[in-house]
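Asks: Using only what follows, build the 3D model:
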Amino acid sequence: MKKILIVCLVFFVIGVSHGCYYDKEQLLIPPKTASTCTGIPASFANDVAPLIQSSCSQSGCHNAGSSSGPGALTTYSEISNASAQIQSSIQAGRMPLGSSLSAAQIQTIVCWISNGKLNN
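Replies: Below is the predicted model:
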């Protein structure tokens with residue numbers, strides 16, 4: 001009888017300790033962390049346009065009249081309209097051809113897109 005009581009007690013303790021694990025919401029759904037864009041400049045005129053102009057809208061790439069990829073990337077509307085292609089290309093490292101952007105430069109462009117592609 002004593003062995004049965006000990007076995008039952010062990011199963012009870014194991015069941016209670018593991019059963020409660022799934023009741024802890026913070027273990028099942030991790031808390032939201034701060035946005036990765038916090039503190040990242042996302043100004044089109046000051047941050048994004050100069051990056052695009054120096055890395056993308058050069059002769060033979062995405063300058064005026066270009067038909068490469070999304071076409072020319074010289075104005076706000078052209079860059080804004082091509083933002084999905086720009087984001088996927090720079091994050092995959094496919095663009096810019098012949099050079100690369102730093103992680104901070106990529107994050108600046110991605111954050112500008114994520115924050116609504118403002119013409120600021």
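Asks: Next SSE downstream of the helix or strand hosting residue 77?
Replies: Taking DSSP states H and E as the definition, one finds residue 77 inside helix 76-81. The element immediately downstream of helix 76-81 (helix or strand, assigned by DSSP H and E) is helix 83-92.
Asks: Output the contacting helices and strands for that next one.
Replies: If contacts are counted by 3 or more C-beta pairs under 8 Å, 6 or more residues apart in numbering; DSSP states H and E, helix 83-92 sits against helix 103-114. (Glycine included, C-beta is placed from N, CA and C.)
Asks: and the helix it packs on, C-alpha only, in PDB?
Replies: Output of helix 103-114 as PDB, limited to C-alpha atoms (Å, rounded to 0.1, in the frame of the first residue of the first chain):
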ATOM      1  CA  ALA A 103      23.700  46.500 -42.300                       C
ATOM      2  CA  ALA A 104      22.900  50.000 -41.000                       C
ATOM      3  CA  GLN A 105      22.200  51.300 -44.500                       C
ATOM      4  CA  ILE A 106      19.900  48.300 -45.300                       C
ATOM      5  CA  GLN A 107      18.100  48.800 -42.000                       C
ATOM      6  CA  THR A 108      17.600  52.500 -42.800                       C
ATOM      7  CA  ILE A 109      15.900  51.700 -46.100                       C
ATOM      8  CA  VAL A 110      13.800  48.900 -44.500                       C
ATOM      9  CA  CYS A 111      12.700  51.100 -41.700                       C
ATOM     10  CA  TRP A 112      11.700  53.900 -44.000                       C
ATOM     11  CA  ILE A 113       9.600  51.400 -45.900                       C
ATOM     12  CA  SER A 114       8.100  49.900 -42.700                       C
END
